[in-house]
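>>> Task: produce atomic coordinates for the following.
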Amino acid sequence: QRCCVCGETGASIMCCEEDCDRWFHLPCAKDGPCVNEYITPYSSYCPVHCPEQDVRAVPAPGTECLICMEPVDNRKTYRTLVCPKCRRAWFHRDCIQGQAMSAGALYFQCPLCRDSDDFAVQMFVMGIRIPFR
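Numbers count the residues shown, from 1 in each chain. Now for the predicted structure:
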């Protein structure tokens, strides 16, 4: 199968959306932007069908990622995520992924409001891998 991101053959992940024939490589998913959910049923989505956060929030001008302190996009995008609970904590996808890998499931929480339940569920749905260690 041909990868919808890089165009090379050998793609092994298919979008789980019905009637979608897009395939991609796992390493290409991050650049895609494709989403792989690391919870049962382990769904994968192509760039056209990837989930979006169901949070009505827009960052204020000059908002920075709470982890790296660099500016975030001026809206929710694949690379910019927001805490669903407080709606004030904005992150880069790579930054929150790094925090998830360090914290693990027991200690992963929003750095601003410290919510762990809604925050972790939303990050799982958005394709953030949170190890159970």
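>>> can you pull out the strands in the chain?
13-14, 23-24, 35-36, 44-45, 80-82, 90-92 (DSSP state E).
>>> will you turn those strands into TSV that also has distance to R2?
Every residue, glycine included, has its C-beta placed from N, CA and C. Formatted as TSV, the strands of the chain follow (distance: least, CB to CB, whole Å):
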stretch	distance to R2
strand 13-14	12
strand 23-24	7
strand 35-36	19
strand 44-45	16
strand 80-82	29
strand 90-92	30
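>>> residues in contact with the residue lying closest to S12 once chain neighbours are set aside?
Once flanking residues are discounted, S12 sits nearest to H25: 6.9 Å by CB to CB, 6 or more residues apart in numbering. The neighbours of H25, taking CB atoms under 8 Å, 6 or more residues apart in numbering as the test, are C3, V5, C6, E8, G10, A11, S12, I13.
>>> now those: which count as buried?
Using 16 or more other CB atoms under 10 Å as the burial test, the contacts of H25 include C3, V5, A11, I13 as buried.
>>> could you measure the second one against P51, distance?
In other words, V5. V5 is 17 Å from P51, where distance means CB to CB, to the nearest Å.
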